[in-house]
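Undergrad: Sequence below, structure please.
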Amino acid sequence: MFESKPDISGRAEIETLVNTFYDRIRADEVLGFIFNDIAQTNWTVHLPKMYAFWETVLFRTGGFTGNPIAAHARLVPQTEMGRAQFDHWLQLFRATVDDLFAGERAEHIKNCAADMANVIYARINQVPDPRFDPANLTPEQRARYARYQPQSQAEAAS
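TA: Model prediction:
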């Protein structure tokens with residue numbers, strides 16, 4: 001019989017998602033050692049941060065503070081933090097959401113996770129965001145994007 005799943009409606013569902021996801025991460029043969037051995041994640045600190053992060057993403061009420069890019073960047077010299085690891089993280093995240101929830105917010109959180117994975121991957125590895133193809137930008141988008149690009153030393157001096 002088909003069983004319908006709830007959508008993510010608040011903090012309780014976010015906590016269920018985060019707890020289930022990180023239980024899977026800790027046991028995962030590809031990513032578990034990064035969290036457990038390399039980062040030596042303090043789960044009593046990390047999990048509440050993730051609750052606040054995803055609550056902020058979905059409901060703008062979580063009060064998240066932190067710097068995810070810096071937290072991930074410090075791991076780059078210690079272990080592989082490449083495309084394969086981020087794709088695997090995202091696959092596990094999507095599967096966890098799909099196992100627990102269905103609906104508009106469930107789809108939105110998966111899309112946000114993909115955006116976040118791509119941004120963090122690109123920033124810490126100093127490569128272009130894989131979703132970004134400058135050839136497809138309108139002139140207005142090019143102008144807006146140019147405002148967010150770091151200036152070279154020569155441009156900054158002029």
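
Undergrad: tell me which residues of the longest helix along the chain are tucked away?
TA: Secondary structure of the chain per DSSP state H: the longest helix is helix 104-125. Buried positions in helix 104-125, judged by neighbour count with 16 or more other Cβ atoms under 10 Å: 105-106, 109-110, 113-114, 116-118, 120-122, 124. To be clear about C-beta, it is placed using only N, CA and C from the backbone, and glycine gets the same treatment.

Undergrad: with the residues you listed in mind, which one is nearest to Ala95?
TA: The closest of these to Ala95 turns out to be Lys110 (Cβ to Cβ; 9.8 Å).

Undergrad: Distance check, the spatially most central residue of the chain against Pro139.
TA: Centroid check for the chain by Cα atoms, centre = their mean gives Met116 as the closest residue, at 3.5 Å. Per Cβ to Cβ, to the nearest Å, Met116 is found 28 Å from Pro139.

Undergrad: Surely Glu104 is in contact with Asp7?
TA: Yes. The pair Glu104 / Asp7 is scored as a contact, 6.3 Å apart, by Cβ atoms under 8 Å.

Undergrad: what about Thr20, neighbour count?
TA: 14 (other Cβ atoms under 10 Å).

Undergrad: Report the contact partners of the residue lying closest to it once chain neighbours are set aside.
TA: The spatial neighbour of Thr20 that comes closest, neighbours along the chain excluded (Cβ to Cβ, 6 or more residues apart in numbering), is Thr96 at 5.5 Å. Thr96 sits next to Leu17, Thr20, Phe21, Arg24 when contact means Cβ atoms under 8 Å, 6 or more residues apart in numbering.

Undergrad: buried sites along the helix or strand hosting the last one?
TA: Applying DSSP states H and E as the criterion places Arg24 in helix 11-27. When neighbours are counted by 16+ other Cβ under 10 Å, the buried residues of helix 11-27 are found to be Arg11, Glu13, Ile14, Glu15, Leu17, Val18, Phe21, Tyr22, Arg24, Ile25.
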